[in-house]
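Trainee: Okay, here's the prediction I keep looking at, along with the sequence it came from:
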Amino acid sequence: MIPEQKAIEILKTYEGGNNYILSCKEKLFFTKGYKPSRSQAEYIIKNNGETPKVARKWVDIDPYFGEKLREERLLPTSPKSIYIEKLLTQTDKAYHIYGKIIDKSPLEFIWVPKSHILSSNERKVEVDWEPYSHRPPMEHQKEAIVKLLANDKYILADDMGLGKTTSAVIASIESGAQKVLVICPASLKLNWKREIENYTDESVGIVEGKKWDDGKFVIINYDIIKNFHEIPKRGDDDFKSKFLDEGFDLVLIDEAHYISNKQAKRTQLVNHLVSQVGKVWLLTGTPMTSRPINYFNLLHLVGSPLTINWAGFVKRYCDAYQFMAGRRKVWNVNGASNLEELRDRVKPHVLRRMKEDILDLPDKIISPVYLNLKSKEYEKEIGDYLEWEQDSNEKKSLSVKLSKLMMARQIIAESKLPSTYELIDNALEQGKKVIVFTNFTATLEEIAWKYNKRSVMLNGRMTKQSRQESVDKFQNDDKIDVFVGNIKAAGVGITLTSAEVVIFNDLSFVPSDHSQAEDRAYRYGQKSNVSVFYPIFENTIEMIIYDILQRKKNVIDTVMGDNENEMGTSVMEDLLSILKK
């Protein structure tokens, strides 16, 4: 039986509540020669067994769909909402409703794209901030905490330096989650552990390699998720997942732009894992990286209706087009289009603030980034030093002791480069210029070589003219966005206000070296807040140095003075005293 004939037979006996099908039935009986079209027939066949849902409410629509309705229907203003009497049926991309656009107009049948409905599942949230008074969140962080708590799925896309980790930690504690999984880059695992321990005594486990470390909070890096979770083959419900066995009810995904490529294995693993968990919060300072297509998967994970139609998304926001590659059509989705519209339409799912928009933010934000050092070379150097120190037959001056430790400090500086590169890349992806300081020529040259034509460097061997050329290029050339400097030579007397990010690859013994170097970016002419990062290896002499510096002078606001050399000597003596113990 052809579809049209089958639909007619259905209409003859239809007693359901779908007003559209009932209108077709009325035409069948009262309109001479009526015959449903092929599309009407398919609709009737597909939906005659469904029971429509009575809604009787106004639903908000986004301004772009409202403007389209205004143009199509010649309305005086763009409607902001649509009244839904009944939800008749739905497809993957749209709702078929029985409703109206103007309050006093009669009900009609309207297809409404799902991506244009502004649905909000936000809960009303009140937080008692007293338990966090020892390290109180700033006002902008409180807003982020409330937003996360109000939404089971959400993207916190604040600019770097705004304290997304703190916001997510407090929100996760307040959420009542029984078990929290934190997914982040390997270099940030210790940072997360420390931040969690700032606010709760609950157990924290850090997963390494194939060794599971349990706790209420479990922290794992992207690269080893595959050791604990597998994606089932189609039709196979029996698959292994340590995560699902553990019963996580909240997942925090830090630096979520790591899973922007939907084809990557780690993205597929995270996508499948998250699909099995009720709550997921994504944190990233670079939600779109350089192209809107990189936003798609993040929006998909939080249930944005914009991701219902991939082709529609890439055509509208990626300026996409197809071309022939051999015998098949391929999409080019590397472009960007309608970005203001995209920004407006993702607002229900994303909180994005820039540093310059935050009133309660200090002008200079200093953040230690705690790391783990795994180096047999370092262990050997420290072991050799301690053996030498215990040899009472040899006279040991301060300068001799420090020269003996020089190799250990160089190993630390070299070992830290991958983490420093990660910080640099993160800043560059957000369109920020970066200053990197180091004490060692080898690391300075490696960093400059790594960033090649987009970097300049400044060290003590350069002429005054060459130094000024490096400064001018960094300040004035948009293509030069990395400045690599020796902490002594480049830490004073120059202005680098085009930078918003300062990174110390390794430490000096003199506290004022750091404050002066930080202020190459944070000085007159700087219009943005400056983020300063100190990547620090735990359980090394560097951690000891950093703690001493904090205690002696407080790196955040060191008081300058004539005693800086004495202060440096004091730091060295304290370091050697601690090592001796």
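Mentor: Nice, thanks for sending it over.

Trainee: now this structure, which segments are flagged as low pLDDT?
Mentor: Within the chain, the ranges that satisfy pLDDT under 70 run 119-121, 235-238, 289-290, 392-398, 524-525, 527, 552-573, 576-577, 579-581.

Trainee: Asp513 and Tyr258: what is the separation?
Mentor: Per Cβ to Cβ, to the nearest Å, Asp513 is found 34 Å from Tyr258. Every residue, glycine included, has its C-beta placed from N, CA and C.

Trainee: Which one of these two is surrounded by more residues?
Mentor: The neighbour count for Asp513 versus Tyr258, taken as other Cβ atoms under 10 Å, is higher for Asp513 (23 against 19).

Trainee: Looks like the more buried one contacts Lys488 (just checking).
Mentor: Yes: assessed by Cβ atoms under 8 Å, Asp513 is found in contact with Lys488 at 6.9 Å.

Trainee: quick one, what contacts the residue lying closest to Arg38 once chain neighbours are set aside?
Mentor: What sits nearest to Arg38 in space, not counting adjacent residues and going by Cβ to Cβ, 6 or more residues apart in numbering, is Pro3, at 6.2 Å. Pro3 makes contacts with 38, 41-42, 45, as judged by Cβ atoms under 8 Å, 6 or more residues apart in numbering.

Trainee: could the residues you listed go into TSV alongside secondary structure?
Mentor: Converted to TSV, these look like this (DSSP: H, G, I helix; E, B strand; the rest coil):
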residue	secondary structure
Arg38	helix
Ala41	helix
Glu42	helix
Ile45	helix
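
Trainee: for those, which one is nearest Val146?
Mentor: Set against Val146, the nearest of the contacts of Pro3 by Cβ to Cβ is Glu42 (46.3 Å).

Trainee: contacting residues around that closest one?
Mentor: 3, 7 are the contacts of Glu42 under Cβ under 8 Å, 6+ apart.

Trainee: try 7 Å this time
Mentor: Going by Cβ atoms under 7 Å, 6 or more residues apart in numbering, Glu42 touches Pro3.

Trainee: again with the one 10 residues further on
Mentor: For Pro52, the set of contacting residues under the criterion of Cβ under 7 Å, 6+ apart consists of 17-18, 86-88.

Trainee: Tell me the spacing between it and Phe109.
Mentor: 12 Å.

Trainee: so how far is stretch 316-328 off the chain centroid?
Mentor: Distance of stretch 316-328 from its chain centroid, counting by Cα atoms, centre = their mean, to the nearest Å, is 28 Å.

Trainee: Stretch 128-136 too?
Mentor: Counting by Cα atoms, centre = their mean, stretch 128-136 is centred 25 Å from the centre of its parent chain.

Trainee: Go through stretch 170-190 and flag the buried ones.
Mentor: Neighbour counts over stretch 170-190 (16 or more other Cβ atoms under 10 Å) mark 170-175, 177, 179-190 as buried.

Trainee: among those, which are in helices?
Mentor: With helices taken from DSSP state H, the overlap with the buried residues of stretch 170-190 comprises 170-174, 189-190.

Trainee: could those residues be laid out in CSV, adding distance to Glu130?
Mentor: CSV is the format used below for those (distance: Cβ to Cβ, whole Å):
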residue, distance to Glu130
Ile170, 12
Ala171, 16
Ser172, 18
Ile173, 13
Glu174, 12
Lys189, 30
Leu190, 28
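
Trainee: Kindly state the beta-bridge partners for Lys86.
Mentor: Val54, Tyr98 (DSSP bridges).

Trainee: Now do the strands in the stretch 401-550 of the chain.
Mentor: Taking DSSP state E, counting those that start in this stretch, the strands of the stretch 401-550 of the chain run over residues 433-438, 455-458, 482-486, 499-504, 530-537.

Trainee: whoops, I mixed them up, the stretch 51-200 of the chain
Mentor: Taking DSSP E, counting those that start in this stretch as the criterion, the stretch 51-200 of the chain carries its strands at 53-60, 81-90, 94-100, 108-113, 153-156, 180-184.

Trainee: how distant is the third one from the center of its chain?
Mentor: Right, strand 94-100. 36 Å.

Trainee: could you dump that strand to CSV, C-alpha only?
Mentor: Listed next in CSV are the C-alpha coordinates belonging to strand 94-100 (Å, rounded to 0.1, in the frame of the first residue of the first chain):
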residue,chain,number,x,y,z
ALA,A,94,13.0,20.4,15.6
TYR,A,95,9.8,20.4,17.6
HIS,A,96,6.3,20.4,15.9
ILE,A,97,4.1,22.4,18.1
TYR,A,98,0.5,23.5,18.3
GLY,A,99,0.8,27.1,19.5
LYS,A,100,1.1,30.7,18.7
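
Trainee: Which elements pack onto that strand?
Mentor: Strand 94-100 sits against strand 81-90, strand 108-113, with contacts defined as 3 or more Cβ pairs under 7 Å, 6 or more residues apart in numbering; DSSP states H and E.

Trainee: what angle separates the longest one from strand 108-113?
Mentor: It refers to strand 81-90. For strand 81-90 against strand 108-113, the angle by axes from the mean of the first three to the mean of the last three Cα atoms, to 10 degrees is 80 degrees.

Trainee: how about strand 81-90: buried residues?
Mentor: Applying 16+ other Cβ under 10 Å to strand 81-90 flags 82-90 as buried.

Trainee: quick one on the thing from earlier: next, work out how far apart the residue nearest to Arg38 and Lys35 are.
Mentor: For Pro3 relative to Lys35 (Cβ to Cβ), the value is 11 Å.

Trainee: related to what we said a few turns ago, would you reformat the strands of the stretch 401-550 of the chain as JSON lines and include distance to Lys279 and mean neighbour count?
Mentor: Below are those laid out as JSON lines (distance: least, Cβ to Cβ, whole Å; neighbours: other Cβ atoms under 10 Å):
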{"stretch": "strand 433-438", "distance to Lys279": "34", "mean neighbour count": "27"}
{"stretch": "strand 455-458", "distance to Lys279": "41", "mean neighbour count": "23"}
{"stretch": "strand 482-486", "distance to Lys279": "38", "mean neighbour count": "26"}
{"stretch": "strand 499-504", "distance to Lys279": "31", "mean neighbour count": "26"}
{"stretch": "strand 530-537", "distance to Lys279": "29", "mean neighbour count": "24"}
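
Trainee: Considering the contacts of Pro3, which is situated nearest to Asn338?
Mentor: Checking the contacts of Pro3 against Asn338 with Cβ to Cβ, the nearest one is Glu42 at 32.4 Å.

Trainee: what's the distance between that closest one and Pro3?
Mentor: In terms of Cβ to Cβ, Glu42 sits 6 Å off from Pro3.

Trainee: Point to the residue nearest the middle of this protein.
Mentor: With distances taken as Cα atoms, centre = their mean, Thr284 lies nearest the centre of the chain, 1.2 Å away.

Trainee: can you pull the contacts of that one?
Mentor: Thr284 makes contacts with 157, 255-257, as judged by Cβ under 7 Å, 6+ apart.

Trainee: what's the most distant pair in the residues you listed?
Mentor: Spatially, the most separated pair among those is Ala157 and Glu255, at 11.5 Å (Cβ to Cβ).

Trainee: of the two, who's got more company?
Mentor: Ala157 (24 against 20).

Trainee: Now do stretch 153-160: everything it contacts.
Mentor: With contacts defined as Cβ under 7 Å, 6+ apart, stretch 153-160 is touched by 144, 147-148, 164, 167-168, 280-285, 287, 298, 302-303, 349-355, 426-427, 430, 531.

Trainee: ok now it, how far from the chain's centre?
Mentor: 6 Å.

Trainee: Quote the end-to-end distance of that stretch.
Mentor: 21 Å (Cα to Cα, to the nearest Å).

Trainee: what about the helices in the stretch 451-581 of the chain?
Mentor: With DSSP state H, counting those that start in this stretch as the criterion, the stretch 451-581 of the chain has helices at 464-476, 511-518, 541-553, 564-580.
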